[in-house]
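Q: Here is my input, please return the structure:
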Amino acid sequence: MSVASVLTAPTPTADWAERAGRIVDAIAAHAAAHDADDSFVDEAYALLKAEGFFKALVPVEFGGGGADVAEMCQVIRRLGAACGSTALAFAMHSHLVAVAAWRWRHQAAPTEGLLKRVAAEDLVLVSSGGSDWLDSGGVATRVDGGFTITARKPFSSGSPAGDLLSTSAVWADPDGGPTVLHFAVSLKAPGVSLMDTWHTLGMRGTGSHDIVLTDVFVPDAAVSGRRPQGPWHPLFHIISMIAFALIYSAYVGVAEGARATALTLARRKAEDETLPLLVGEMENAFATAEMSLERMILLAETGTPGAEATNRAMIGRTLTGRAAIATVERAMEVAGGAAFYRATGLERAFRDIQGARFHPLQEKPQQRYSGRVALGWDIDG
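A: Okay, here's the model as predicted:
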């Protein structure tokens, strides 16, 4: 399938799931090759761009597709069943757009300019948020008219095709102490380098390379937010509420694809006493992943950001991830020895699903956070 054959203009009434259905077979056809040679899923990104997905979450008022988070979660899940790397990288772009749109709608935040640019220029956004989180990383130095930034940002998914890096760095504010500055920088700006570091266990096609910033100038006007380093900030409650439903849709998609493959292989086997038990375990795990993801999506669509919403999102992140991993593990057992061969795709799914362990808040920090919320203790303690 060529990019030209699927090129259509997005509309406010687009059936995004149907659009995804038009391209998933072509995306799946390249998934194993990108996994084998650690290369970026460039064909998939071209198809996603041709179908208008990178501007799908931009409000119609700004020239976007007007999609909601639930629709994009459905799309990402479908992509995940075809190619986990495509789904995860696209989710990282999508959560940045979704958060910007939420802040514009609910807080009258000045994100209109970014949203209009994403729609008009079909920009691909890259996030360093997972590696930075509350403490951030890198050094911001005060200069005339702005700051120079020196930093190394790992896990920058989608970076080979990215246009803007949404990131942060720490400024030693002489009055306020360590202060995290949030800003976006062009990946083509002087001093920005992409390092070929993404050689990993799984999700090999995401292009989540390190991005190195060396004395990159960021003008004052480009600093979109400032906060104290370390403590929870209202922005991160918004991110937590929205982003993880999109991100973990990719992992549920990987689990869904593995389940389907395992069932296809199992139906060819002779009946025995253990096979239905293994399949039943797989079904329980997958149902748990689906149900916890559904709760995350509902929270993203209807929740109010705050410590409790973050708590529910992070519990959902742990439960969804744990159940998705268990689904793929059971799928390997259901398929039996065939799962050990790369040709089935289950070996790749097993490696890709391990990525669910590593997004913030990881399981132990999440449990600590949730325990403090339940006890009524300060979440920053």
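Q: Break this structure into its domains for me.
A: Using automatic domain parsing, the domain parsing of the chain gives 4-123, 127-228, 234-375.
Q: what distance separates the start and the end of the second one?
A: With CA to CA, to the nearest Å as the measure, domain 127-228 spans 20 Å from end to end.
Q: What's the mean pLDDT across that domain?
A: The average pLDDT for domain 127-228 rounds to 96.
Q: Quick check on residue 150: phi, psi?
A: Dihedral pair for residue 150: phi -130, psi 120, per degrees, to the nearest 10.
Q: so it touches residue 138, yeah?
A: Yes. Assessed by CB atoms under 8 Å, residue 150 is found in contact with residue 138 at 6.2 Å. Every C-beta, even on glycine, is put in place using the N, C-alpha and C of the backbone.
Q: so residue 71 touches residue 17, yeah?
A: Yes. Between residue 71 and residue 17 there is a contact under CB under 8 Å: 7.2 Å.
Q: Tell me which of the two has more neighbours.
A: Between residue 71 and residue 17, residue 71 has the larger neighbour count (other CB atoms under 10 Å), namely 19 against 13.
Q: CA atoms only: put the helix or strand hosting residue 44 into PDB for me.
A: For residue 44, the enclosing helix or strand under DSSP states H and E is helix 42-50. In PDB, the C-alpha atoms belonging to helix 42-50 read as follows (Å, rounded to 0.1, in the frame of the first residue of the first chain):
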ATOM      1  CA  ASP A  42       9.400   5.500   9.000                       C
ATOM      2  CA  GLU A  43       6.900   3.900   6.600                       C
ATOM      3  CA  ALA A  44       4.300   3.800   9.500                       C
ATOM      4  CA  TYR A  45       4.900   7.500  10.300                       C
ATOM      5  CA  ALA A  46       4.400   8.400   6.600                       C
ATOM      6  CA  LEU A  47       1.100   6.500   6.500                       C
ATOM      7  CA  LEU A  48      -0.100   8.100   9.800                       C
ATOM      8  CA  LYS A  49       0.800  11.500   8.500                       C
ATOM      9  CA  ALA A  50      -1.000  10.900   5.200                       C
END
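Q: And it, what's buried?
A: Of all the residues in helix 42-50, those buried under the rule 16 or more other CB atoms under 10 Å are 43, 44, 45, 46, 47, 48, 49, 50.
Q: Over to stretch 61-80?
A: Buried residues in stretch 61-80, counted by 16+ other CB under 10 Å: 62-67, 69, 71-80.
Q: now it: how far from the chain's centre is it?
A: 13 Å (CA atoms, centre = their mean, to the nearest Å).
Q: what about it, average pLDDT?
A: On average, stretch 61-80 scores 98.
Q: right, and residue 241 touches residue 311 too?
A: No. Contact criterion CB under 8 Å: residue 241 and residue 311 do not qualify, at 10.3 Å.
Q: can you pull the contacts of the nearest residue to residue 142 once chain neighbours are set aside?
A: Among residues not flanking residue 142 along the chain, residue 171 sits closest, at 6.9 Å (CB to CB, 6 or more residues apart in numbering). By CB atoms under 8 Å, 6 or more residues apart in numbering, residue 171 lies in contact with 140, 141, 142, 147, 178, 179, 180, 181.
Q: Check the gap between the closest residue to the fifth one other than its chain neighbours and residue 202 for me.
A: This means residue 178. In space, and not counting its chain neighbours, residue 178 is closest to residue 229: 4.0 Å by CB to CB, 6+ apart. Note on residue 229: its distance to residue 202, by CB to CB, to the nearest Å, is 31 Å.
Q: Same question for residue 352.
A: From residue 352 to residue 202 the distance is 4 Å (CB to CB).
Q: What count of nearby residues applies to residue 255?
A: If you count neighbours by other CB under 10 Å, residue 255 ends up with 35.
Q: quick one: it is in a helix?
A: Yes. Assessed with DSSP: H, G, I helix; E, B strand; the rest coil, residue 255 lies in a helix.
Q: quick one, strands of the stretch 1-150 of the chain?
A: 125-127, 139-143, 146-156 (DSSP state E, counting those that start in this stretch).
Q: try the stretch 201-350 of the chain
A: Ranges of strands in the stretch 201-350 of the chain, per DSSP E, counting those that start in this stretch, are 209-219, 223-228.
Q: any chance of the ones you listed in TSV, plus distance to residue 368?
A: Converted to TSV, the strands of the stretch 201-350 of the chain look like this (distance: least, CB to CB, whole Å):
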stretch	distance to residue 368
strand 209-219	28
strand 223-228	20
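Q: Select, out of those, the one closest to residue 159.
A: The minimum distance between residue 159 and the strands of the stretch 201-350 of the chain falls on strand 209-219, with 5.1 Å, by CB to CB.
Q: Now distance to residue 381 too, for the domains of the chain, in a markdown table please.
A: Formatted as a markdown table, those follow (distance: least, CB to CB, whole Å):
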| stretch | distance to residue 381 |
| --- | --- |
| domain 4-123 | 26 |
| domain 127-228 | 14 |
| domain 234-375 | 6 |
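Q: ok, now which ones touch the closest residue to residue 354 other than its chain neighbours?
A: Among residues not flanking residue 354 along the chain, residue 202 sits closest, at 5.3 Å (CB to CB, 6+ apart). Going by CB under 8 Å, 6+ apart, residue 202 touches 84, 348, 350, 351, 352, 353, 354, 355.
Q: please redo it, this time with the cut-off set to 7 Å
A: 351, 352, 354, 355 (CB atoms under 7 Å, 6 or more residues apart in numbering).
Q: now swap in residue 62 and tell me
A: 112, 115, 116, 119.
Q: ok, now how distant is the first one from residue 316?
A: Separation of residue 112 from residue 316 (CB to CB) stands at 30 Å.
Q: Comparing those two, which shows the higher neighbour count?
A: Just comparing residue 112 and residue 316: by other CB under 10 Å the higher neighbour count belongs to residue 316, 24 against 15.
Q: List the contacts of the spatially closest residue to the more buried one that is not a sequence neighbour.
A: In space, and not counting its chain neighbours, residue 316 is closest to residue 296: 3.9 Å by CB to CB, 6+ apart. Contacts were defined as CB under 7 Å, 6+ apart; by that measure residue 296 touches 244, 245, 248, 313, 316, 320.
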